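S.K.: okay, predicted coordinates and the sequence, questions at the end:
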Amino acid sequence: MGTMYYGGPSMPIHIDDRALAHLKVVIATKLRRGESFTLSWQHHEDEPRGRSTIWLHPSIPLRFVFNDPEPPELSREWIHDLANSANTSGGIQLVAEHIDAGPTSVEGSATAVSATT
């Protein structure tokens, strides 16, 4: 289980490492372009029931922490779906991973996002 810290360490957001790796690619791409957007997810089973949304902006500190020392292979389709949702008025909706023809490296990815619930 990875952790995303947004705006400081007081409110960690726990996300599966694989999902967080995809999310990191999409978020970094959007923020590098100076774009702001929302990110929404459903709470984990061990958290109070519900869902959360945050507004991501390039000027707010952001840190990704992964439990696994090795980066996972990324799914091109999952990255595409998450990047597309980032460009909508609803922002990034963390959705389950799709199985596609094959993985891609982080360097070969234009954008990516995802987390599991």
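M.R.: All right, it came through fine. Numbers count the residues shown, from 1 in each chain.

S.K.: which residues in this protein form strands?
M.R.: Taking DSSP state E as the test, the strands found in the chain are 2-6, 12-15, 37-42, 51-56, 62-65, 74-75, 92-93, 103-104.

S.K.: now mean pLDDT and distance to residue 30 too, for the ones you listed, in JSON lines please.
M.R.: In this view, the C-beta of every residue, glycine as well, is placed from N, C-alpha and C. Formatted as JSON lines, the strands of the chain follow (pLDDT from 0 to 100; distance: least, CB to CB, whole Å):
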{"stretch": "strand 2-6", "mean pLDDT": "94", "distance to residue 30": "14"}
{"stretch": "strand 12-15", "mean pLDDT": "91", "distance to residue 30": "17"}
{"stretch": "strand 37-42", "mean pLDDT": "91", "distance to residue 30": "6"}
{"stretch": "strand 51-56", "mean pLDDT": "92", "distance to residue 30": "7"}
{"stretch": "strand 62-65", "mean pLDDT": "96", "distance to residue 30": "11"}
{"stretch": "strand 74-75", "mean pLDDT": "92", "distance to residue 30": "16"}
{"stretch": "strand 92-93", "mean pLDDT": "90", "distance to residue 30": "8"}
{"stretch": "strand 103-104", "mean pLDDT": "50", "distance to residue 30": "18"}
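
S.K.: turn the ones you listed into a markdown table, columns for distance to residue 24.
M.R.: Formatted as a markdown table, these follow (distance: least, CB to CB, whole Å):
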| stretch | distance to residue 24 |
| --- | --- |
| strand 2-6 | 8 |
| strand 12-15 | 10 |
| strand 37-42 | 12 |
| strand 51-56 | 12 |
| strand 62-65 | 5 |
| strand 74-75 | 10 |
| strand 92-93 | 12 |
| strand 103-104 | 14 |
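
S.K.: would you turn these into JSON lines with mean neighbour count?
M.R.: Converted to JSON lines, the strands of the chain look like this (neighbours: other CB atoms under 10 Å):
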{"stretch": "strand 2-6", "mean neighbour count": "18"}
{"stretch": "strand 12-15", "mean neighbour count": "18"}
{"stretch": "strand 37-42", "mean neighbour count": "19"}
{"stretch": "strand 51-56", "mean neighbour count": "14"}
{"stretch": "strand 62-65", "mean neighbour count": "14"}
{"stretch": "strand 74-75", "mean neighbour count": "23"}
{"stretch": "strand 92-93", "mean neighbour count": "24"}
{"stretch": "strand 103-104", "mean neighbour count": "16"}
